[in-house]
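K.L.:
Structure for this input, please:
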Amino acid sequence: QVQLVESGGGLVQAGGSLRLSCVASGGTLPTYVMAWFRQAPGKEREFVAVVSRGGGSIRYADSIQGRFTISRDNAKNTVYLQMNSLKPEDTAVYYCAADRTQTLPVDVAAYDYWGQGTQVTVSS
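P.N.:
I've put the predicted structure just below:
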């Protein structure tokens, strides 16, 4: 069973950048599809980005397309989310998720493993 730990969140001004990291342990990262989700106060958890096992296929939410980049380094058991041109509406707790699937799901229910989350706050 894989354990996920996110880091890299913080407070940043609008227009700034952050890079989130998610380190996996207890499992073999290349066997998992990895995704990022986020949850703002009072809102449901929503899909941000997902990357295939080998990193060759990626999907993004429309709201972050062109500003965020997901990547993975299987040798380091780490998945990243580079976030540029941040907006106040990007403020949320960001979660890393993993699942053993052949597809690139965007639904929360599709993922079996979750990290504890890291807070991202974007000030205007």
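K.L.:
Give me the mean pLDDT for the helix or strand hosting A49.
P.N.:
Assessed by DSSP states H and E, A49 sits inside strand 46-51. For strand 46-51, mean pLDDT is 98.
K.L.:
Count the residues that sit near S7.
P.N.:
Around S7 sit 14 other residues, with neighbours defined as other CB atoms under 10 Å. Heads up, the C-betas are built off the backbone N, CA and C, glycines and all.
K.L.:
meant to ask about G42, not that
P.N.:
5.
K.L.:
if we can go back for a sec, buried sites along the strand holding A49?
P.N.:
Residues F47, V48, A49, V50, V51 are the ones in strand 46-51 that count as buried (16 or more other CB atoms under 10 Å).
K.L.:
residues touching A49, list them.
P.N.:
By CB atoms under 8 Å, 6 or more residues apart in numbering, the residues touching A49 are A35, W36, I58, R59, Y60, A61, I64, F68, T69, I70, L81.
K.L.:
do the same with E6
P.N.:
With CB under 8 Å, 6+ apart, E6 has these contacts: L20, S21, C22, Y94, Y95, C96, G115, Q116, G117, T118.
K.L.:
so which strand or helix has it?
P.N.:
Going by DSSP H and E, E6 is in strand 3-7.
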